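> Build me a model:
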Amino acid sequence: MTRPTMMFDTTEQVLIAVHGREPPSDEEWDSYMQAAGALPPTCTKTLVVTAGGGPNAKQRASINDFVSKNTLTVAICTDALLVRQIGTALSWFNPRVKAFRGNDLSAALRYLDVTGPEAALVHQKVAKMRLEIEGKTVRATR
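Next comes the predicted model:
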């Protein structure tokens with residue numbers, strides 16, 4: 001079984017996408033875009049955490065089309081220069097896109113105005129997805 005290069009999940013307010021080092025497959029991206037299109041009205045914030053993988057040109061075109069019709073505030077956490085540049089390009093279409101250092105999840109959540117239990121849940125989901133993408137086992141909590 002191959003490891004995913006991208007995973008996503010949601011909380012009440014946040015669509016969370018976690019990428020590994022490689023770009024997402026078209027199948028992963030299509031699933032993500034379908035989920036984004038089906039978000040409830042309460043979910044208007046997106047957090048992207050990436051080890052370097054990011055959307056290709058075709059995938060970026062689909063996200064640009066999506067944000068032209070939907071209002072989202074987006075925080076991108078990465079240390080990868082190319083992904084930071086992609087974030088800058090996306091901000092030309094959506095001025096509410098902002099990049100943060102790769103491990104500065106707290107600053108990204110402050111930017112998204114996500115606090116308290118929801119912020120804790122986002123941290124938990126990001127950690128779990130990162131482990132799965134890296135191929136490490138996720139321990140069950142008691």
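
> Which elements pack onto the longest helix anywhere in the chain?
Assignment by DSSP state H gives helix 116-133 as the longest helix of the chain. Contacts defined by 3 or more CB pairs under 8 Å, 6 or more residues apart in numbering; DSSP states H and E place helix 116-133 against strand 6-10, strand 14-19, strand 45-50, helix 105-111. Yep, even glycine has a C-beta here, placed from its N, CA and C like the rest.

> Let me have the ones you listed in a markdown table, extended by distance to Leu131 and mean neighbour count.
As requested, those are exported to a markdown table (distance: least, CB to CB, whole Å; neighbours: other CB atoms under 10 Å):
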| stretch | distance to Leu131 | mean neighbour count |
| --- | --- | --- |
| strand 6-10 | 10 | 20 |
| strand 14-19 | 10 | 24 |
| strand 45-50 | 12 | 26 |
| helix 105-111 | 15 | 18 |
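
> What are the contacting residues of the host helix or strand of Ala61?
Following DSSP states H and E, one finds Ala61 within helix 57-69. With contacts defined as CB atoms under 8 Å, 6 or more residues apart in numbering, helix 57-69 is touched by 23-24, 26, 29, 33, 36-37, 55, 86, 89-90, 93-94.

> Below-threshold pLDDT in the protein: ranges please.
1, 137-142 (pLDDT under 70).

> Could you count how many residues lie near Ala36?
20 (other CB atoms under 10 Å).

> any idea how far Glu12 is from Pro24?
Remark: distance between Pro24 and Glu12 (CB to CB, to the nearest Å) = 24 Å.

> neighbour count winner among those two?
Between Pro24 and Glu12, counted using other CB under 10 Å, Pro24 has the larger neighbour count: 24 against 11.

> any idea how far the closest residue to that one other than its chain neighbours is from Arg110?
Residue nearest to Pro24 in three dimensions, not counting chain neighbours: Met6, with 3.7 Å by CB to CB, 6 or more residues apart in numbering. Relative to Arg110, Met6 is positioned 25 Å away (CB to CB).

> Pretty sure Pro23 sits in a helix.
No - going by DSSP: H, G, I helix; E, B strand; the rest coil, the assignment for Pro23 is coil, not a helix.
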